[in-house]
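Peer 1: show me how the following folds:
(one chain, ligands or ions: 2)
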Amino acid sequence: AAAARAAAWSGPGATADGHRVELLANVQDGASARAARHTPAAGIGLFRTELCFLDRESEPSIDEQAAIYREALDAYPSTKVVIRTLDAGSDKPLRFAAHPEEANPALGVRGIRIAARDSGILDRQLDAIVSAASGRDTPPWVMAPMISTAAEAKSFAAACRLRGLIPGAMIEVPAAALLAESILDHVDFVSLGTNDLAQYTMAADRMSPDLAALTDPWQPAVLHLVARVAAAGRALDKPVGVCGEAAADPLLACVLTGFGITSLSAAAPAVATVGATLATVTRDDCRRAAAAVLSTSDPDAARTAALEVLGAQR
Ligand code: PEP
Ligand code: MG
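Peer 2: Residues are numbered from 1 along each chain as shown. Ligands and ions are numbered 1, 2, ... in the order given. Next up is the predicted model:
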């Protein structure tokens, strides 16, 4: 493994000196998964399954779910596909999920928290994923949204392993970033959802245009948490991806690479540009840019610091 890691990579996602960052695509159904094949993405880093069911009155059957998941898996039959379990609630309520009346849905029962009220929904979705993946040689990676405790990661991982699925956790709540090691003890990988991580770190609604400066992923407080999670992944030798909007920003993608992030998953139109930018910088440039942003205290200073290190190469 060490030799494989050291070998220079020249495909998509290679830095100028041959370090590989896995480039993946964010998708929401079979059509977008097939469209991603026209980009340099090597697989799918985030399949937002809840988006398939926003208009449903009742829960789709296991067979119906399996047919939809199979379409995405078939788009990448032999490479990595990361399926996210339903991230229902807040901005994406599902009529068939157990949402209580709540004053602050973004801080309420959403994502994996629904499983604590109704574990059947999660169990049936995992069964559907198993059925969709039958006959495939690489098992799908499955991750839970809105993990905030190690106990949630542990119980999700158990439900996945029971079925032969590879379990992961999204890190999008600051508590999870701060305890990344404890979460990584239970799961095989984590993926940073920087959209929600910025919202919860900055206590600023990600949907509010008035607060866009606060939810900027270049906020140094957010970047410190990202760097922390990347370090935890390195320490435990487990993959740490980024699948929020931060991964679609070419300059920030270089900084994330410098933190030691192992995969970047972005909307299909952004994948090629991110890959092309990585090809112009070395891993050492990325590391220097990463160190520079961590010594700043506001987003503009962070951008400027990264550009000072990487600008000449871009
Ligand atoms: C995120 O929060 O960054 C993320 C990738 O998930 P979503 O945008 O679907 O909440
Ligand atoms: Mg999220």
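Peer 1: need the contact partners of the host helix or strand of residue 63.
Peer 2: Assigned by DSSP states H and E, residue 63 falls within helix 62-75. Identification of contacts with helix 62-75 by CB atoms under 8 Å, 6 or more residues apart in numbering yields 27, 29-30, 33-34, 36-37, 44, 47, 49, 52, 60, 81, 83, 124-125, 127-129, 131-133, 136, 140. Yep, even glycine has a C-beta here, placed from its N, CA and C like the rest.
Peer 1: narrow these to those that are buried.
Peer 2: 27, 29-30, 33, 36, 44, 47, 49, 52, 60, 81, 83, 125, 128-129, 131-133, 140 (16 or more other CB atoms under 10 Å).
Peer 1: now, the residues you listed that are in helices?
Peer 2: Residues from the buried ones among the contacts of helix 62-75 lying in helices, with DSSP state H as the criterion: 30, 33, 36, 125, 128-129, 131-132.
Peer 1: for the closest residue to ligand 1 within the stretch 51-200 of the chain, what are its contacts?
Peer 2: Closest residue of the stretch 51-200 of the chain to ligand 1, CB to the nearest ligand atom: residue 193 (2.8 Å). By CB under 8 Å, 6+ apart, the residues touching residue 193 are 145, 170-172, 243-244.
Peer 1: now distance to residue 101 and secondary structure too, for the residues you listed, in TSV please.
Peer 2: Conversion of those to TSV gives the following (distance: CB to CB, whole Å; DSSP: H, G, I helix; E, B strand; the rest coil):
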residue	distance to residue 101	secondary structure
145	21	coil
170	26	strand
171	29	strand
172	24	coil
243	30	coil
244	29	coil
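Peer 1: and which of those is nearest ligand 2?
Peer 2: Taking CB to the ion as the measure, ligand 2 lies nearest residue 172 of the contacts of residue 193, at 4.7 Å.
Peer 1: for residue 131, see how far away the closest one is.
Peer 2: Separation of residue 172 from residue 131 (CB to CB, to the nearest Å): 28 Å.
Peer 1: now swap in residue 220 and tell me
Peer 2: 44 Å.
Peer 1: same question for residue 65.
Peer 2: Taking CB to CB, one finds residue 65 at 8 Å from residue 131.
Peer 1: show me the contacts for residue 183.
Peer 2: If you count contacts by CB under 8 Å, 6+ apart, residue 183 has them with 147, 150, 153, 169, 171, 176, 190.
Peer 1: tell me the secondary structure for it?
Peer 2: Here residue 183 is recorded as helix under DSSP: H, G, I helix; E, B strand; the rest coil.
Peer 1: how close does it sit to residue 283?
Peer 2: Separation of residue 183 from residue 283 (CB to CB): 26 Å.
Peer 1: count of neighbours near residue 185?
Peer 2: 15 (other CB atoms under 10 Å).
Peer 1: thinking again about what came up before, give me the nearest residue to the residue of the stretch 51-200 of the chain closest to ligand 1, chain neighbours excluded.
Peer 2: Excluding its sequence neighbours, the residue lying closest to residue 193 (CB to CB, 6 or more residues apart in numbering) is residue 172, at 3.4 Å.
Peer 1: can you lay out the ones in helices among the buried ones among the contacts of helix 62-75 as a markdown table showing pLDDT?
Peer 2: As requested, these are exported to a markdown table (pLDDT from 0 to 100):
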| residue | pLDDT |
| --- | --- |
| 30 | 98 |
| 33 | 98 |
| 36 | 98 |
| 125 | 98 |
| 128 | 98 |
| 129 | 98 |
| 131 | 98 |
| 132 | 98 |
